[in-house]
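>>> sequence first, predicted model second:
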Amino acid sequence: MEAKKNIVVLGAGYGGITAALRLARLFHKHPEYQIHLIDRNPYHTLKTQLHEAAVRKTEISIPIDRIIQRRNIIFHLGEVTRIDPREHIVHGESGYLPFHYLIIAIGSQVNFYNIPGLQENSFPLQTLKDAQMIYDYIGQLCKSAASEPVEERRRDMLRFVIGGGGLSGVEFAAELADHATQCTRDSHVNPREIEIIIVESGSRIVPGMDESFAARIHKKLLGKNVTIIPKSKIIGRTPDTATLSSGEALKTKALIWTGGIRISELARESGLKIGQSGRIIVDEYLRAESYPFIYAIGDSALAINPYTKEPVPAAAQFALQQGCLVAHNIYADIFEGVREPYHPKLMGEVVSLGRHLAVGWLALPFLKKITFVGFLGSLLKTAIQEKHIFLLRRESGKWVAPQ
Ligand SMILES: Cc1cc2nc3c(=O)[nH]c(=O)nc-3n(C[C@H](O)[C@H](O)[C@H](O)COP(=O)(O)OP(=O)(O)OC[C@H]3O[C@@H](n4cnc5c(N)ncnc54)[C@H](O)[C@@H]3O)c2cc1C
């Protein structure tokens, strides 16, 4: 019997899980093709909700085997260590897998920009484990502060500095501000002694968003007693201090670093052509340059928006769109269909500012959009998150829920 041809998806995040499920659906009448999915974790992380898990310990992971249970997908748990595009092989910790087609969807990781002491003395917010560590540390700090009689030392323990005022930094700060009362109630510390500071290198927070939205978000954060220090960079870090480019030294035991992302070395080391932040350069069909049988999607891919000529931002909504598209394009490649070029659709931008507040806009038909600030926004944000879970359920044909 002839060996099956493998279509391998690396990474079971937003882009990868969508691609794998869509491929399984498209190829279900073609048993000569086998879909493989590889991830270092046995679960799919709802990464856009990491800030909630870091503060409130919410459930944001879904076991991959539950999602793919009813689909013809083989899941491999493990770290991918090398891609050999010439030999069509993916190498992992426990072996290798040949591929006919490959989709790289390994997301992004934190970038510490070689800032002295930062990596050793700060908490990134990129993975479920990061969120769990932050959650535990907040609890520890509150407990230690409760037994610290000297006010100044207590305040130093309760000063949280967030490096980077982008989407994730802002969402985390607001969530922490809302939750401070609860943390302090449990540990019997005065909530007024908690200080939350965002340090942002640009002239304003959420630089990727429209200026009027950024201004609204800024105002809402001030209303939650969050201090924002713009035009300032963290240039050094010790266990107790964050040094700013202005020369100011902020005393803090908790620095949460959300200041930048980069792509793992895997792409560069594999000889794929990479651009800004190590993202894999792709053509209009999302294929890696010189390798038409390798597709890259999501944060890993440097896709160019054909309308603006700008790189498509690293965001879950684009990873999801790209996951669907590459599944169709691979099917088209194999069965001589028509490949579709990628046209990113910005469905909206919603920034959650704590449990019951969000600011943003959503696209409506005929190039119209609806903007919102407040509780309605937070309901819409929840609806967007639920939609992803709903689509997973539909694609997988199985009831899946975060746990
Ligand atoms: C706190 C926070 C809040 C955010 N909020 C929003 C938001 O509101 N809206 C929005 O659109 N975007 C948001 N984002 C960005 C969004 O989460 C990412 O753009 C999105 O997750 C990218 O999807 P992806 O499929 O490319 O990668 P990911 O979802 O990161 O998935 C990558 C997968 O690859 C696996 N992997 C990586 N390397 C390897 C390896 N070597 N071997 C095996 N497996 C590997 C990982 O385990 C992971 O499962 C937020 C991000 C953060 C951190």
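Thanks, I have the structure now. Everything quoted here is computed from the prediction, not taken from an experiment.
>>> what residues does the stretch 51-200 of the chain put near the ligand?
For the stretch 51-200 of the chain, the residues in contact with the ligand (Cβ under 6 Å from any ligand atom) are His51, Glu79, Val80, Ala105, Ile106, Gly107, Leu125, Gln126, Leu167, Ser168, Glu171. The C-beta positions use only the backbone N, C-alpha and C, and glycine is treated the same way.
>>> now intersect those residues with the helices, please.
His51, Leu167, Ser168, Glu171 (DSSP state H).
>>> remind me which residues of the protein are low pLDDT?
1, 183, 398-401, 403 (pLDDT under 70).
>>> now the helices: where do they sit in it?
Going by DSSP H, the chain shows helices at 14-26, 50-56, 64-68, 128-146, 151-157, 167-187, 211-223, 265-269, 316-334, 375-396.
>>> would JSON lines of those with distance to Ile198 be doable?
Formatted as JSON lines, the helices of the chain follow (distance: least, Cβ to Cβ, whole Å):
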{"stretch": "helix 14-26", "distance to Ile198": "26"}
{"stretch": "helix 50-56", "distance to Ile198": "13"}
{"stretch": "helix 64-68", "distance to Ile198": "34"}
{"stretch": "helix 128-146", "distance to Ile198": "15"}
{"stretch": "helix 151-157", "distance to Ile198": "18"}
{"stretch": "helix 167-187", "distance to Ile198": "5"}
{"stretch": "helix 211-223", "distance to Ile198": "7"}
{"stretch": "helix 265-269", "distance to Ile198": "30"}
{"stretch": "helix 316-334", "distance to Ile198": "22"}
{"stretch": "helix 375-396", "distance to Ile198": "20"}
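>>> just say which of the ones you listed is most tucked in.
The highest mean neighbour count among the helices of the chain, using mean count of other Cβ atoms under 10 Å, belongs to helix 14-26: a mean of 26.
>>> name the helices or strands packed onto that one?
strand 5-10, strand 33-39, helix 64-68, strand 73-77, strand 101-104, helix 316-334, helix 375-396 (3 or more Cβ pairs under 8 Å, 6 or more residues apart in numbering; DSSP states H and E).
>>> so how far is it from its chain's centroid?
18 Å (Cα atoms, centre = their mean, to the nearest Å).
>>> specify the angle between it and strand 33-39 in degrees.
160 degrees (axes from the mean of the first three to the mean of the last three Cα atoms, to 10 degrees).
>>> tell me which residues touch the residue nearest to Arg216 when sequence neighbours are not counted, please.
Residue nearest to Arg216 in three dimensions, not counting chain neighbours: Val359, with 5.2 Å by Cβ to Cβ, 6 or more residues apart in numbering. Contacts for Val359 (Cβ atoms under 8 Å, 6 or more residues apart in numbering) come out as Phe213, Arg216, Ile217, Lys220, Val350, Val351, Leu353, Phe372, Val373, Gly377.
>>> let me know the closest of the ones in helices among the residues of the stretch 51-200 of the chain next to the ligand to His179.
His51 (10.4 Å; Cβ to Cβ).
>>> so the closest one sits right up against Leu167, yeah?
No: when contacts are counted by Cβ atoms under 8 Å, His51 is not listed as touching Leu167 (9.3 Å).
>>> determine which two of the ones in helices among the residues of the stretch 51-200 of the chain next to the ligand are furthest apart.
His51 and Leu167 (9.3 Å).
>>> what's the burial count for the residue nearest to Gln317 when sequence neighbours are not counted?
Distance criterion Cβ to Cβ, 6+ apart; nearest residue to Gln317, sequence neighbours excluded, is Met347 at 5.5 Å. Close neighbours of Met347, defined as other Cβ atoms under 10 Å, add up to 17.
>>> ok, Met347 touching Ala363?
Yes: the criterion here is Cβ under 8 Å, and Met347 meets it with Ala363 at 5.4 Å.
>>> and the residue nearest the centre of the chain, how far from the ligand?
Among the residues of the chain, the one closest to the centroid is Lys47, at 4.7 Å (Cα atoms, centre = their mean). Distance of Lys47 to the ligand, computed by Cβ to the nearest ligand atom, to the nearest Å: 4 Å.
>>> got the contact list for that residue?
Gly13, Tyr14, Ile60, Gly107, Gln126, Ala316.
>>> in contact with the last one, which residues are there?
By Cβ under 8 Å, 6+ apart, the residues touching Ala316 are Tyr14, Lys47, Thr48, His388.
>>> residues touching the first one, list them.
Read that as Tyr14. For Tyr14, the contact set (Cβ under 8 Å, 6+ apart) comprises Lys47, Gly298, Ala316, Ala319, Leu320, Gly323, His388.
>>> how many neighbours does the single nearest residue of the stretch 51-200 of the chain relative to the ligand have?
Per Cβ to the nearest ligand atom, Gly107 is where the stretch 51-200 of the chain lies closest to the ligand, at 2.4 Å. By the criterion of other Cβ under 10 Å, Gly107 has 25 neighbours.
>>> same question for the one 4 residues further on.
Taking other Cβ under 10 Å as the criterion, the count of residues near Asn111 is 18.
>>> go on, the one 10 residues further on?
Neighbour count of Asn121, defined by other Cβ under 10 Å: 19.
>>> against Val359, how distant is it?
Asn121 sits 32 Å away from Val359, going by Cβ to Cβ, to the nearest Å.
>>> could you check how far Ile274 is from Ile104?
Ile274 is 11 Å from Ile104, where distance means Cβ to Cβ.
>>> ditto for Ile134
For Ile134, the distance to Ile104 (Cβ to Cβ) stands at 28 Å.
>>> what's near enough to touch the closest residue to Asp178 other than its chain neighbours?
Excluding its sequence neighbours, the residue lying closest to Asp178 (Cβ to Cβ, 6+ apart) is Gly354, at 3.7 Å. Neighbour list for Gly354: Ala174, Glu175, Ala177, Asp178, His179, Lys224, Ser378 [criterion: Cβ under 8 Å, 6+ apart].
>>> pretty sure the last one is touching Ser352, no?
Yes: using Cβ under 8 Å, Ser378 and Ser352 qualify as a contacting pair, with a distance of 6.1 Å.
>>> what is in contact with those two at once?
Residues touching both Ser378 and Ser352 by Cβ under 8 Å, 6+ apart: Ala358.
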